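> Quick one: sequence and predicted model below, then my questions.
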Amino acid sequence: MHGAAEGIVIKALSAPPAERVTSQVATGQRSKRWLGLLVLAVLVVVAVLLSVAYGANSLTLGQVWHGLWSPSGTEGDIVVRRLRLPRTALALVAGLALGVAGALMQGHTRNPIADPVVLGISAGAGMCVVASISLLGIGGLYGYIWFGFIGAAVASAIVYLVGTLARGGATPITLALAGAAVHALFTALTAGMVIMDRAALDTYRFWTVGSVSGRPIETTVQLLPFIAIGLLLAAANAPGLNALSLGEDVARSLGVRVGATRATGMAAITLLTGAAVAVCGPIGFVGLVATHVARHFTGPDYRWIVAYSGLLGAALMVAADTLGRLVARPGELEVGIMLALLGGPVFVYLVRRVKPVRL
C-alpha cells in the first residue's frame with residue numbers, strides 16, 4: 001500500500017508543470033461550479049418558501065408549516081394548500097423547464113436571443129388553444145392546455161422539418177428562419193380566429209398574458225412526465241452541444257452525429273417549452289435571461305449552462321410570481337407582466353455591462 005501511494009505521488013510530481021497547473025485549474029473550476037449549483041439550489045428553496053408565505057395576506061412561518069404538514073382546515077391552511085402551493089409548484093416546474101429550454105435553444109440556433117417566440121413554439125401553442133375554443137367549444141383549462149401542448153409540438157416539428165429540408169440541413173440559420181416563418185403563419189391564423197370569435201378572444205387574452213394562478217395542483221402533476229423526459233433528453237444533449245459550438249465539421253470529426261444531436265435537442269425543447277407554454281401561456285425572458293446569467297458564471301460548457309439555467313429559471317419564475325402578488329396588493333400582477341418588467345432591464349444591463357461570450 002505504501003509503495004503504491006509513493007508511486008502515485010512520484011508520478012504526480014514528475015508530471016510536466018504545465019499539466020499540473022492545468023489539472024489544478026480544472027479542479028478549481030469544477031469546485032466553484034458545484035458550489036454555484038449549491039447556492040442556486042438554496043436560492044430556489046428560499047424563493048419557494050417566500051412564495052408560500054407572502055401574498056395578498058402574509059402568513060407566519062408557523063402557519064406555513066402547519067398548512068404543509070398538519071392542516072386542520074383553518075384559513076391559513078386553505079391559503080397554503082389550495083392557493084399558494086399549487087401556483088408555487090407550477091412556477092417552479094415551468095421556470096425549470098423554460099430555463100433549460102432557453103439554454104438548448106440558444107445552443108442549437110447559435111442565436112443569443114433565441115426563445116420560444118423565435119422558434120414559433122409559443123405561436124403554435126396559442127393557435128391550437130384558440131382553435132380548441134373557437135372550433136371545438138372547449139372552455140375549461142383542462143381541455144385547452146393539451147391542445148396548447150399539441151400546438152407547441154407541431155410547431156417544433158415543422159421548424160425542424162423545414163430546417164432539415166433546407167440546403168445544408170438544419171443549421172442555426174435555417175432553424176431561426178424556419179421559426180420566424182412558423183411564428184408569422186400561426187400568429188396570422190390566431191388573429192383570424194380571435195377576430196371572428198369573442199369567446200376565443202376572451203380566453204386567449206387571459207392565456208397570452210402568462211400566468212400561474214388558478215391552476216390546480218393536478219395540472220402540474222400531469223405535466224411532470226413530459227418535463228422529466230425533456231430534462232433527461234436535455235442532459236443527454238448537452239455534451240453534443242459543446243461539440244456543435246465548435247462547428248458542424250469539427251463535431252463530425254469528433255464522432256458526433258449532428259442530425260441525431262439536433263433531433264434530440266428539438267425533442268427536449270418541444271417537451272419542455274410545450275408543457276410550460278401550454279399551461280402558463282407564452283412567458284418570455286425566463287430562458288433568455290437565465291441562460292445569459294448562467295453562461296457568465298459557467299463559461300461555454302453546456303453541461304453546466306443547462307444545469308445553471310434550469311435552477312436560475314426556477315428561482316426567477318417563483319420570485320417574479322411572488323413580487324407580482326406583493327406590489328399590487330390586494331390584487332396582483334401576472335407573472336408574465338412581472339417577468340417583462342424585471343427581465344427587460346436585466347437583459348439591457350447584461351448587453352451593456354457584461355462582456356459578451358460567443359455561442
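Yes, it's here.

> ok, the residue most central in space within the chain to residue 92 distance?
Centroid-nearest residue in the chain: residue 98, 1.3 Å away (criterion: Cα atoms, centre = their mean). According to Cβ to Cβ, to the nearest Å, residue 98 and residue 92 sit 11 Å apart. C-betas here are computed from N, CA, C, even on glycine.

> Check residue 345 too.
24 Å.

> same deal with residue 209?
20 Å.

> Give me the more crowded residue out of the two.
Legend: neighbour count by other Cβ atoms under 10 Å for residue 209 and residue 92, higher for residue 92 (22 against 17).

> picking up where we left off before, common neighbours of residue 98 and residue 92, please.
Both residue 98 and residue 92 are in contact with residue 317, where contact means Cβ atoms under 8 Å, 6 or more residues apart in numbering.

> Now stretch 77-87 - C-alpha only, PDB.
Output of stretch 77-87 as PDB, limited to C-alpha atoms (Å, rounded to 0.1, in the frame of the first residue of the first chain):
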ATOM      1  CA  ASP A  77     -54.200  26.100   5.800                       C
ATOM      2  CA  ILE A  78     -56.600  26.800   2.900                       C
ATOM      3  CA  VAL A  79     -54.400  29.600   1.600                       C
ATOM      4  CA  VAL A  80     -51.300  27.500   1.700                       C
ATOM      5  CA  ARG A  81     -52.600  24.200   0.300                       C
ATOM      6  CA  ARG A  82     -55.300  25.400  -2.200                       C
ATOM      7  CA  LEU A  83     -53.900  28.700  -3.400                       C
ATOM      8  CA  ARG A  84     -50.200  29.200  -2.900                       C
ATOM      9  CA  LEU A  85     -48.800  25.700  -3.000                       C
ATOM     10  CA  PRO A  86     -50.300  24.900  -6.500                       C
ATOM     11  CA  ARG A  87     -49.100  28.100  -8.100                       C
END
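
> buried residues in that stretch?
For stretch 77-87, the neighbour count (16 or more other Cβ atoms under 10 Å) marks 77, 79-81, 83-87 as buried.

> how about residue 57, secondary structure?
What DSSP: H, G, I helix; E, B strand; the rest coil gives for residue 57 is coil.

> Contacts only, for residue 47.
Applying Cβ under 8 Å, 6+ apart, the residues near residue 47 are 314-315, 318-319, 322.

> do the same with residue 256
Contact analysis of residue 256 by Cβ under 8 Å, 6+ apart lists 240, 243-244.

> Please repeat the previous calculation with a cut-off of 10 Å.
Applying Cβ atoms under 10 Å, 6 or more residues apart in numbering to residue 256 gives the contacts 239-244, 246, 248, 250.

> Can I get those in CSV including secondary structure?
CSV is the format used below for those (three-state DSSP):
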residue, secondary structure
239, helix
240, helix
241, helix
242, helix
243, helix
244, helix
246, coil
248, helix
250, helix
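
> Give me the buried entries from these.
Among these, those buried by neighbour count (16+ other Cβ under 10 Å) are 240-244, 248.

> Could you identify the least confident member of these?
Ranked by pLDDT, the buried ones among the contacts of residue 256 bottom out at residue 248, which scores 76.

> Which secondary structure state does residue 233 sit in?
helix.

> Correct me if wrong: residue 86 contacts residue 79.
No. Checked against Cβ atoms under 10 Å, the pair residue 86 and residue 79 is beyond contact range at 11.3 Å.

> Do a quick rundown of the helices in the stretch 151-300 of the chain.
Using DSSP state H, counting those that start in this stretch, the helices of the stretch 151-300 of the chain run over 172-196, 198-209, 217-244, 248-253, 258-280, 286-298.

> want to throw those helices into CSV with distance to residue 62?
CSV is the format used below for the helices of the stretch 151-300 of the chain (distance: least, Cβ to Cβ, whole Å):
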stretch, distance to residue 62
helix 172-196, 47
helix 198-209, 34
helix 217-244, 23
helix 248-253, 55
helix 258-280, 31
helix 286-298, 32
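
> rank these by mean pLDDT and give me the bottom one.
Ranked by mean pLDDT, the helices of the stretch 151-300 of the chain bottom out at helix 198-209, with a mean of 74.

> Does anything pack onto that helix? Which helices or strands?
helix 121-134, helix 141-165, helix 172-196, helix 258-280, helix 335-353 (3 or more Cβ pairs under 10 Å, 6 or more residues apart in numbering; DSSP states H and E).

> Now do that helix against helix 335-353, angle only.
40 degrees (axes from the mean of the first three to the mean of the last three Cα atoms, to 10 degrees).
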